[in-house]
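J.: kindly generate the corresponding structure for this input.
(2 chains)
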Number of protein chains: 2
Amino acid sequence: VLTSTELDRLSVVLVSTRNSLNIGAAARAMCNFGFERLRLVNPYEPAYRDARSAVGAIGLLANAKEFNSVAEAVSDCTLVIGTHSAGRRQPQHTFYTLSSGASLIRSELSTPENEKRNVAILFGSEKFGLLNEDLSHCHWTMHIPTAGTQPSMNLGQAVAVCLYELVRDNPNETAEEKPVPSSSETLERTTALLLEALYTSGYMGNQASEEKEEAVRRLVRRLYLSMEDATLWLGMLRQILWKMRTK
Amino acid sequence: VLTSTELDRLSVVLVSTRNSLNIGAAARAMCNFGFERLRLVNPYEPAYRDARSAVGAIGLLANAKEFNSVAEAVSDCTLVIGTHSAGRRQPQHTFYTLSSGASLIRSELSTPENEKRNVAILFGSEKFGLLNEDLSHCHWTMHIPTAGTQPSMNLGQAVAVCLYELVRDNPNETAEEKPVPSSSETLERTTALLLEALYTSGYMGNQASEEKEEAVRRLVRRLYLSMEDATLWLGMLRQILWKMRTK
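T.: Next comes the predicted model:
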């Protein structure tokens, strides 16, 4: 059972949602399982408006936060997870089934109260799911084990199943002492500095490429940097960059 | 693991459902998790008609069976389970949480093929849930462990969560793919190259220090680099080093 502090550390992030009923359904599932933090990245505005004004709209919709990018929506989070349907796996990412993913999420949520740990679970649009750019902000992805013939779930149902798995009675997971992970904001600063160093060195070729930048972003996420180590890497990169520029 | 025979033994029974979207959502969740037998007891006719004629209506809706009473709908079943929201427990019935209930259902479904065992899971109407008369046909009831403040789930989401719990521990699932970790030799090469870059940049100061080098070595170990990622880092470091040296 998750404590209220633990519940409060988890944000559901809906990316580019189109349908007001799905926004409402996601909000309802959150209430059902005791979660309160809803974030929306570029929702389709009429849908968001309809969802909030719907009869029986859930109170937490009024407190939902809106963002223009995934980066902003997850900037205070130390663990960011992408969801996708069983058929749409992204080969670039480490992925887990929902049940193993949920136990990793629970252990992140259950760190001592004085440590700042926030978790975001991202859900993509009804039509396209999460895009590669969205996924490049994620540490790993997880999927619900659906049938091969009909793998793609309805958004509201997918949210419900994921949150259920987080709160269903789970065997005692042993607490281990782990370093404080970096916030996504710090990881993004590290990514930016590394990209700058790579461009300056010529590693990225002459042309900026979104694809290559996403690959670098994923590479940085896979380091699972602690806050302390991220600070070290930022310092090293700054010095290296300075050296490359001072000729 | 539910085999196709086992999946085929389970019927989802919707009792007095009012909303076509909920009928469609229940059908979709069944497809998602590999179940095919949908039964409806006194559905609100316009809703049932709408659900079947909806764009993207699921094939199994065409094969759904309609009944006038719960008794008829479950007549071929050896185990009948009622569902209700966490707040609406019927004190007359033995009740289980979803996870213990699901394991009882799985063991019923997994009896030898020559024994006729069919299981029905009943879901009540959106407004009233299952009535006492409906519940009287049930062997026991189960509920999804929802939050006390908002216990009542949306019908389509409740169906999705129940079916998910039935199939969730599926050892037949494709094993999770984890990256191949780097050998220590590769990590040591990465460390050496990083140290070279740090000395060249001036980050390490003027004097070589064993202590600082060890700190960098530990830093690299904490990255838990995969073989593939280590290769990328080696390439980046080489390029950066080359750039710092070519003035």
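J.: how about the secondary structure of the residue most central in space within chain A?
T.: Centroid check for chain A by Cα atoms, centre = their mean gives residue A:80 as the closest residue, at 2.9 Å. Under DSSP: H, G, I helix; E, B strand; the rest coil, the three-state class of residue A:80 is strand.
J.: so it touches residue A:137, yeah?
T.: Yes: between residue A:80 and residue A:137 there is a contact at 5.7 Å, judged by Cβ atoms under 8 Å. (Glycine included, C-beta is placed from N, CA and C.)
J.: what touches both of the two?
T.: Between them, residue A:80 and residue A:137 share the neighbouring residues A:74, A:122, A:184, A:221, with contact defined by Cβ atoms under 8 Å, 6 or more residues apart in numbering or on different chains.
J.: inside helices: which ones of these?
T.: By the criterion of DSSP state H, membership of the shared contacts of residue A:80 and residue A:137 in helices covers A:184, A:221.
J.: tell me the one of the shared contacts of residue A:80 and residue A:137 nearest residue B:6?
T.: residue A:122 (33.4 Å; Cβ to Cβ).
J.: how close does the closest one sit to residue A:23?
T.: With distances defined as Cβ to Cβ, to the nearest Å, the gap from residue A:122 to residue A:23 amounts to 15 Å.
J.: repeat that for residue A:180.
T.: 33 Å.
J.: who has more neighbours out of those two?
T.: Just comparing residue A:180 and residue A:23: by other Cβ atoms under 10 Å in any protein chain shown the higher neighbour count belongs to residue A:23, 29 against 15.
J.: skipping adjacent residues, who's closest to the more buried one in space?
T.: Nearest non-adjacent residue to residue A:23, counting by Cβ to Cβ, 6 or more residues apart in numbering or on different chains: residue A:51, 3.8 Å away.
J.: same check on residue A:135?
T.: residue A:82 is the one closest to residue A:135 (Cβ to Cβ, 6+ apart), at 4.8 Å.
J.: equivalent analysis for residue A:6, please.
T.: If the residues on either side of it in the chain are set aside, residue A:6 comes closest to residue A:109, at 4.2 Å by Cβ to Cβ, 6+ apart.
J.: identify the residues contacting the one you found.
T.: Contacts for residue A:109 were tallied using Cβ under 8 Å, 6+ apart; they are A:2, A:6, A:9-10, A:117, A:119.
J.: what about chain A, any weak spots by pLDDT?
T.: By pLDDT under 70, the low-scoring segments of chain A are A:88-91, A:170-178, A:247.
J.: apply 50 and report the result again.
T.: Judged by pLDDT under 50, chain A has its weakly predicted residues at A:172-176.
J.: helices of that one, start to end?
T.: So, for chain A - with DSSP H - the helices run A:4-8, A:20-32, A:45-53, A:59-62, A:70-73, A:98-109, A:132-135, A:155-167, A:184-201, A:210-221, A:227-245.
J.: Serialize these to TSV and add fields for distance to residue B:158.
T.: As requested, the helices of chain A are exported to TSV (distance: least, Cβ to Cβ, whole Å):
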stretch	distance to residue B:158
helix A:4-8	20
helix A:20-32	9
helix A:45-53	20
helix A:59-62	19
helix A:70-73	29
helix A:98-109	17
helix A:132-135	29
helix A:155-167	8
helix A:184-201	33
helix A:210-221	35
helix A:227-245	40
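J.: nearest to residue A:39, out of these?
T.: With Cβ to Cβ as the measure, helix A:70-73 is the member of the helices of chain A nearest residue A:39 (4.9 Å).
J.: show me how far stretch A:61-80 is from its chain's centre.
T.: Taking the mean of its C-alpha atoms, stretch A:61-80 sits 9 Å from the chain's own mean (Cα atoms, centre = their mean, to the nearest Å).
J.: show me the contacts for residue A:168.
T.: With Cβ under 8 Å, 6+ apart, residue A:168 has these contacts: B:98-99, B:145, B:165.
J.: list just the nearest of those to residue A:126.
T.: residue B:165 (24.2 Å).
J.: from memory the closest one sits against residue B:100, does it?
T.: No: shown here, residue B:165 and residue B:100 do not form a contact pair, counting by Cβ under 8 Å, at 10.1 Å.
J.: which of these two has more residues huddled nearby?
T.: More neighbours surround residue B:165 than the other of residue B:165 and residue B:100, with 24 against 12 (other Cβ under 10 Å).
J.: ok, now which ones touch the more buried one?
T.: A:164, A:168, B:98-99, B:102.
J.: at 6 Å what do you get?
T.: B:98, B:102 (Cβ atoms under 6 Å, 6 or more residues apart in numbering or on different chains).
J.: show me which residues of chain A sit near chain B.
T.: Selection of chain A residues close to chain B by Cβ under 6 Å from any Cβ of the partner chain yields A:28-29, A:31-32, A:34, A:96, A:99, A:145-147, A:150, A:153-154, A:157, A:160-161, A:164, A:168-169, A:201, A:203, A:223, A:236, A:239-240, A:243-244, A:247.
J.: now, of these, which are buried?
T.: Buried positions within the residues of chain A next to chain B, assessed by neighbour count (16 or more other Cβ atoms under 10 Å in any protein chain shown), are A:28-29, A:31-32, A:34, A:96, A:99, A:145-147, A:150, A:153-154, A:157, A:160-161, A:164, A:168, A:201, A:203, A:223, A:236, A:239-240, A:243-244.
J.: quick one on the thing from earlier: I'd like the shared contacts of residue A:80 and residue A:137 as a markdown table, with neighbour count appended.
T.: What follows is the shared contacts of residue A:80 and residue A:137, written out as a markdown table (neighbours: other Cβ atoms under 10 Å in any protein chain shown):
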| residue | neighbour count |
| --- | --- |
| A:74 | 30 |
| A:122 | 26 |
| A:184 | 26 |
| A:221 | 24 |
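J.: quick one: which two of the shared contacts of residue A:80 and residue A:137 are the most distant?
T.: A:122 and A:221 (12.8 Å).
J.: ok, and the closest non-adjacent residue to residue A:10?
T.: Closest residue to residue A:10 apart from its sequence neighbours, by Cβ to Cβ, 6+ apart: residue A:119 at 4.9 Å.
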